[in-house]
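Chemist: fold the stuff below for me.
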Amino acid sequence: MTDLRVASFNCRYDTEYDGPDAWPNRRERVVDLLGDIDADILGVQEATPHQFAYLREHLPGYDWFGVGRQGADEGEHVPVAYRRDLVDPIDTGAFWLSPTPGEVSVGWDAAYPRVATWLDAEVDGQPLRFLATHLDHEGAEARYQSSRLLHERFLTGEVPELVVGDFNATPQSRPVTALTDAGLRPAREAAETVAGPHGTFHRFDGHADDRIDYVFASDEFAVDRFETVVSSAPYPSDHWPVVADLRF
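Modeler: Residues are numbered from 1 along each chain as shown. All right, here's what the predicted structure looks like:
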């Protein structure tokens, strides 16, 4: 049986309007947090180009892949990181959450272009498919259609599958049930042991009422443990990371 730790973390984009919580004041805490989590495969959301570069430089045990939502290296990324001493990559790619996923585009009623990043790999000879994404924060129809697109375009069921990300949607919402209806299980509900609060989005005040960050796993995985990782102030981000310990 292969043990695999996967995680999702919205690192919060760099904006001066965050004042004391702006990226330059917390970037070292982000690296320390991700180092402590020590995921084998990680999906990150909201990483602008210089944030993405900082993560790559300061987390050297990983190989990374991601594209900006404006294309190439432009705009926020949803990168995937994988531990090079454990994960054997087969292929990587990205597509846009829209009716024209092969090109830079805004889907349905979304406020911005949104992208999904994927990795096909083997771990100890076991194939898997991993996807990280960030659904739109304003467009309800875009969130739902984006989840349907993930299933129809990417989630074939041919290999064990993992999906992580910030869905900007609560557990009973249409975007989440679109994935559960497709056969993916939220790792928190499937886990033998659960730690940390239900909510994940705390807006830099430490009080998370909304659960919008997820790890989903197909039936090939047993979920030993799930944790919403809480930090003390000053906070690394306005989201708590979510982490799942899995077995094939």
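Chemist: low-confidence ranges in this protein?
Modeler: For the chain, applying pLDDT under 70 flags the ranges 1.
Chemist: hey, where'd the helices end up in it?
Modeler: 23-37, 49-58, 140-149, 174-180, 187-190 (DSSP state H).
Chemist: residues in contact with the shortest one?
Modeler: By that I understand helix 187-190. 194, 214-217, 223, 226, 228, 242, 244, 246 (C-beta atoms under 8 Å, 6 or more residues apart in numbering). All C-beta atoms are positioned from the backbone trio N, CA, C, and that covers glycine.
Chemist: mind doing that once more with 7 Å?
Modeler: 194, 215-217, 223, 226, 244 (C-beta atoms under 7 Å, 6 or more residues apart in numbering).
Chemist: what is the nearest of those to Phe201?
Modeler: Val215 (15.4 Å; C-beta to C-beta).
Chemist: nearest residue to the middle of the protein?
Modeler: Gly165 (2.9 Å; C-alpha atoms, centre = their mean).
Chemist: could you dump the contacts of helix 187-190 to JSON lines with neighbour count?
Modeler: Formatted as JSON lines, those follow (neighbours: other C-beta atoms under 10 Å):
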{"residue": "Val194", "neighbour count": "15"}
{"residue": "Val215", "neighbour count": "26"}
{"residue": "Phe216", "neighbour count": "27"}
{"residue": "Ala217", "neighbour count": "25"}
{"residue": "Val223", "neighbour count": "21"}
{"residue": "Phe226", "neighbour count": "23"}
{"residue": "Ala244", "neighbour count": "27"}
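Chemist: how about the residues you listed, which pair is most distant?
Modeler: Val194 and Phe216 (15.3 Å).
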